[in-house]
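Asker: Have a look at this prediction, sequence included:
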Amino acid sequence: MNPRLSHTLNLNKFALQTGVSYFYQNHSIISDYYIRDGHLISTFRDDCIYHRPSADISMTYKPSGSLNIKLSGQWIEHLVRGGTEHRSLSSISGSALVNYYIQDFSFSVSLATPSRDLINSQISRKSYWQYQLSAMWKHGNWAIEANANNLFMMKNNIVDELSTPYYSFKQINQSRSYNQYATLKIVYSFDYGKKPSKTPDYEHKNSESAILK
């Protein structure tokens, strides 16, 4: 069950969108760990209930045809109840996006704050700051695009943690989407086919509109 209520408000150069939602899952399947005869046993159970209320807001401001600014924020509360699980995790995150266009050039800047998530109703996942810069020049058939993603951010990893009475772990993942990289693209587009100089003439005949009886 995942009902959602949203509202959008447009005021000339300003747009506001808000929403609230509630996700409910009964018999959520989780991993269960216990000790038997000195050995760690891993099994599954489905006697947990998972709740996830959330709220989000997004604001867009367009002062001119060449500038667009978007700010977004989100709050999520993870609640797991029942069985051996009793977990709570709160997350507040935000993002910003700025696009600017001038003649043959376009520029874009995006930024995302750290965020937290609950994976499979058990694993706490934390991500760090992320940003991206891009610039493009396009003229005729030529286009040049440069991108920079999370440069100089040495600890830009994803951290997964699980803590139970009998088993716990901490894992650091390096995802490609979070890695540091820069790209440069040079593109030339070829035009194929012959473009018509004008729309061909069409001769209308009376017989075309006749109705057969």
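Answerer: Everything's here; your move. Numbers count the residues shown, from 1 in each chain.
Asker: Tell me who's in contact with residue 183.
Answerer: 145, 146, 147 (C-beta atoms under 8 Å, 6 or more residues apart in numbering). Where you see a C-beta, it was placed from the backbone N, CA and C, and this is true even at glycine.
Asker: same thing but 7 Å
Answerer: Contacts for residue 183 (C-beta atoms under 7 Å, 6 or more residues apart in numbering) come out as residue 147.
Asker: same deal with residue 188?
Answerer: 141, 142.
Asker: so what pLDDT did it get?
Answerer: Model confidence at residue 188, given as pLDDT, is 89.
Asker: now it: how far from residue 139?
Answerer: 11 Å (C-beta to C-beta, to the nearest Å).
Asker: so residue 63 sits right up against residue 13, yeah?
Answerer: Yes. Using C-beta atoms under 7 Å as the test, residue 63 is close enough to residue 13 to be in contact (5.8 Å).
Asker: Identify the contacts common to those two.
Answerer: What both residue 63 and residue 13 touch, as defined by C-beta under 7 Å, 6+ apart, is an empty set.
Asker: any idea which helix or strand of the chain has the worst average confidence?
Answerer: strand 168-173 (a mean of 85; mean pLDDT, DSSP states H and E).
Asker: Can you tell me which helices and strands that strand packs against?
Answerer: For strand 168-173, the packing partners by 3 or more C-beta pairs under 7 Å, 6 or more residues apart in numbering; DSSP states H and E come out as strand 158-163.
Asker: before we move on, back to that, for the least confident helix or strand of the chain, what is the distance to the chain centroid?
Answerer: Averaging C-alpha positions (C-alpha atoms, centre = their mean, to the nearest Å) puts strand 168-173 23 Å from its chain's average.
Asker: Please work out how many residues are found near residue 50.
Answerer: 22 (other C-beta atoms under 10 Å).
Asker: Beta-bridge partners for the nearest residue to residue 98 once chain neighbours are set aside, please?
Answerer: Once flanking residues are discounted, residue 98 sits nearest to residue 109: 4.7 Å by C-beta to C-beta, 6 or more residues apart in numbering. Legend: beta-bridge partners of residue 109 under DSSP bridges are residue 98, residue 133.
Asker: these two touch, right, residue 109 and residue 100?
Answerer: No. With contacts counted by C-beta under 7 Å, residue 109 stays clear of residue 100, the gap being 8.5 Å.
Asker: Could you list the low-confidence segments of the protein?
Answerer: 83-85, 174-178, 192-213 (pLDDT under 70).
Asker: Provide the strand pairings for the longest strand anywhere in the chain, with the direction of each partner.
Answerer: The longest strand of the chain (DSSP state E) is strand 39-64. In the sheet, strand 39-64 lines up against strand 14-36 (antiparallel), strand 67-82 (antiparallel) (DSSP bridges).
Asker: For residue 2, find the nearest of those.
Answerer: strand 14-36 (4.7 Å; C-beta to C-beta).
Asker: For that closest one, which outside residues touch it?
Answerer: 1-9, 40-46, 48-61, 84-85, 120-122, 164, 166-167.
Asker: Now the buried members of these.
Answerer: Buried subset of the contacts of strand 14-36 (neighbour count, 16 or more other C-beta atoms under 10 Å): 48, 49, 50, 52, 54, 56, 58, 60, 85, 121, 122.
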